[in-house]
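Student: need a structure here:
(chains A and B)
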There are 2 protein chains.
Amino acid sequence: MKKGKTFIVSGPSGVGKSTVLKELLEQRQDVYFSVSATTRGARDGEIDGVHYHFLDVDTFRDWIARDQFLEYAEYVGNFYGTPKRFVDEAMDQGRDVILDIEVQGAIQVTSKRPDTVRIFIAPPSWRELERRLTQRGTDSPDKVQKRLLRAKVEFQTAHTYDYFVINDTVENAVAELNAIMIAEHCKPKERMEIISGS
Amino acid sequence: MKKGKTFIVSGPSGVGKSTVLKELLEQRQDVYFSVSATTRGARDGEIDGVHYHFLDVDTFRDWIARDQFLEYAEYVGNFYGTPKRFVDEAMDQGRDVILDIEVQGAIQVTSKRPDTVRIFIAPPSWRELERRLTQRGTDSPDKVQKRLLRAKVEFQTAHTYDYFVINDTVENAVAELNAIMIAEHCKPKERMEIISGS
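Tutor: Model (predicted):
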């Protein structure tokens, strides 16, 4: 039986990653989108197991001790992490998995799972990213420049990623993501096993 | 500007490679399907530059001497080869190129052009390949067994290929080929240049 693969999707603030992933997941209902665990409290409307797996600090620490995370980090006093269990269950069912995590988390995951495929969503140009950040109107011009600089640093850090998807239009970006997921299942290792055993 | 990439497509006799490529080329009119050069005479209905580039032996030898082939071979007294020129012209125009060549020719091409992507079209199972070879009715049972053995040897030789497309249905195989061609353009080298320069 076909086994699922795990795909890390990273990308700078403002690049439109969430919109692209939302559209991809609508087209590919077979894909499991990994839900993070966190120790922060649930906000209004957030559902346990859907938006996050809400854990108390002791449980989170216990999971860390038992190597139950593909990656985790502490951020403003709370823990966030990717539980192994749900990822592994989905893959065993033959489902591909998407992890929406940033570059530092990706390094942790690939050190544990070198066969994870890493995809970076990039803007068509830096000027266009600046335009998008400005247009969404949530940040001051100064904050926009900081985000832009951070995006450029992330991009340089991401040079070891396997693929770069350019989000010029959502349609193109989704098509490229989809193509990468299909193509990755055509790699020799997986296919040689299927064919040799036939 | 986006530069084209070259894709080698190989596969054993009876796997349905021609049907798959015909369908792909109908969907992707931007793709250049490489036309081989040969010293054998044109058969009825064969058009120079469409079915083959028909060359006399002196010209073919001259092209070999001037390193004008990506690969060539002699087969039952005639030369066959892939001229560099048309491949390079298409790539410079941003068109992807498909070379329909067998495993030995692929070795020659990739030694000259290591960035060529190699795709092997495989049957869903050996039993299915045997069924297809038998069903087309052109070969004796003995010949079918010989082709099957040859296919298995080719498959083993092809373990260094980049991708294996399984031709279970033409539709699936074309979708996988298409996905591979799209995904290959998302590789870091090409994309980093585009984005860094923006």
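Student: where in chain A is pLDDT low?
Tutor: Residues of chain A meeting the criterion pLDDT under 70: A:1, A:197-198.
Student: may I see the buried residues of the lengthiest helix in it?
Tutor: Criterion DSSP state H: the longest helix present in chain A is helix A:141-157. Within helix A:141-157, the residues that count as buried by 16 or more other C-beta atoms under 10 Å in any protein chain shown are A:Val144, A:Arg147, A:Leu148, A:Ala151, A:Glu154, A:Phe155, A:Thr157. (Glycine included, C-beta is placed from N, CA and C.)
Student: and stretch A:77-86, by the same measure?
Tutor: A:Phe79, A:Tyr80, A:Gly81, A:Thr82, A:Pro83, A:Lys84, A:Phe86.
Student: as CSV, the residues you listed with secondary structure would be great.
Tutor: CSV is the format used below for these (DSSP: H, G, I helix; E, B strand; the rest coil):
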residue, secondary structure
A:Phe79, strand
A:Tyr80, strand
A:Gly81, strand
A:Thr82, strand
A:Pro83, strand
A:Lys84, helix
A:Phe86, helix
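Student: in CSV, list these along with distance to chain B.
Tutor: What follows is those, written out as CSV (distance: C-beta to the nearest C-beta, whole Å):
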residue, distance to chain B
A:Phe79, 32
A:Tyr80, 27
A:Gly81, 27
A:Thr82, 23
A:Pro83, 28
A:Lys84, 27
A:Phe86, 26
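Student: one step back: can I get the buried residues of helix A:141-157 in TSV including distance to chain B?
Tutor: Formatted as TSV, those follow (distance: C-beta to the nearest C-beta, whole Å):
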residue	distance to chain B
A:Val144	17
A:Arg147	16
A:Leu148	12
A:Ala151	10
A:Glu154	12
A:Phe155	7
A:Thr157	12
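Student: between the residues you listed, which is nearest A:Asp44?
Tutor: A:Arg147 (26.8 Å; C-beta to C-beta).
Student: was I right to think that closest one contacts A:Pro123?
Tutor: No. The criterion here is C-beta atoms under 8 Å, and A:Arg147 misses it with A:Pro123 at 11.5 Å.
Student: show me the domain layout of chain A.
Tutor: A:1-31+A:96-198, A:35-95 (automatic domain parsing).
Student: so which of these gets nearest B:Met192?
Tutor: Across these, B:Met192 has its closest neighbour in domain A:1-31+A:96-198 (6.3 Å, C-beta to C-beta).
Student: contacts for the helix or strand where A:Arg118 lies?
Tutor: Element membership of A:Arg118 [criterion: DSSP states H and E] is strand A:117-122. Strand A:117-122 has contacts (C-beta atoms under 8 Å, 6 or more residues apart in numbering or on different chains) with A:5-12, A:15-17, A:20, A:106, A:110, A:155, A:158, A:160-167, A:173, A:177, A:180, A:184, B:186, B:191, B:195.
Student: among those, name the buried ones.
Tutor: By 16+ other C-beta under 10 Å, the contacts of strand A:117-122 give A:5-12, A:15-17, A:20, A:106, A:110, A:155, A:158, A:161-167, A:173, A:177, A:180, A:184, B:186, B:191, B:195 as buried.
Student: what does chain A put close to chain B?
Tutor: A:119, A:122-128, A:155, A:159-166, A:175-176, A:178-180, A:182-184, A:186-188, A:191-192, A:194-195, A:198 (C-beta under 8 Å from any C-beta of the partner chain).
Student: in helices only, show me those.
Tutor: A:126-128, A:155, A:175-176, A:178-180, A:182-184, A:188, A:191-192, A:194-195.
Student: show me the contacts for the residue nearest the centre of chain A.
Tutor: In chain A, the residue lying closest to the centroid (C-alpha atoms, centre = their mean) is A:Asp100, at 2.0 Å. Residues near A:Asp100 by C-beta under 8 Å, 6+ apart: A:Val9, A:Ser10, A:Lys17, A:Ser18, A:Leu21, A:Phe33, A:Ser34.
Student: how about a cut-off of 10 Å?
Tutor: Contact partners of A:Asp100, counting by C-beta atoms under 10 Å, 6 or more residues apart in numbering or on different chains, are A:7-11, A:17-18, A:21, A:33-36, A:82.
Student: from those, which single one is nearest B:Arg136?
Tutor: The shortest gap between B:Arg136 and any of those belongs to A:Phe7, at 39.4 Å (C-beta to C-beta).
Student: tell me if the closest one really is in a helix.
Tutor: No. Counting by three-state DSSP, A:Phe7 is located in no helix; its state is strand.
Student: so the residue nearest to the centre of chain A versus chain B, what's the distance?
Tutor: Remark: distance between A:Asp100 and chain B (C-beta to the nearest C-beta, to the nearest Å) = 18 Å.
Student: for that residue, name its beta-bridge partners.
Tutor: A:Val9 (DSSP bridges).
Student: sorry, back to before: just the buried members of the ones in helices among the residues of chain A next to chain B?
Tutor: Using 16+ other C-beta under 10 Å, the buried ones in those are A:126, A:128, A:155, A:175-176, A:178-180, A:182-184, A:188, A:191-192, A:195.
Student: closest to A:Leu25 out of the residues you listed?
Tutor: A:Asn178 (11.1 Å).
Student: settle this for me: that closest one is touching A:Arg28, isn't it.
Tutor: Yes. With contact defined as C-beta atoms under 10 Å, A:Asn178 counts as touching A:Arg28 (7.0 Å).
Student: common neighbours of the two, please.
Tutor: With C-beta under 10 Å, 6+ apart, A:Asn178 and A:Arg28 have no common neighbours.
Student: and A:Gly49, how close does it get to B:Tyr163?
Tutor: 37 Å (C-beta to C-beta, to the nearest Å).
Student: kindly report the same for A:Val103.
Tutor: 27 Å.
Student: just A:Gln29 next, same as before
Tutor: From A:Gln29 across to B:Tyr163, the span is 26 Å (C-beta to C-beta).
Student: neighbours of A:His185, how many?
Tutor: By the other C-beta atoms under 10 Å in any protein chain shown criterion, the neighbourhood of A:His185 contains 18 residues.
Student: which residue packs closest to it, ignoring adjacent ones?
Tutor: A:Lys5 (6.8 Å; C-beta to C-beta, 6 or more residues apart in numbering or on different chains).
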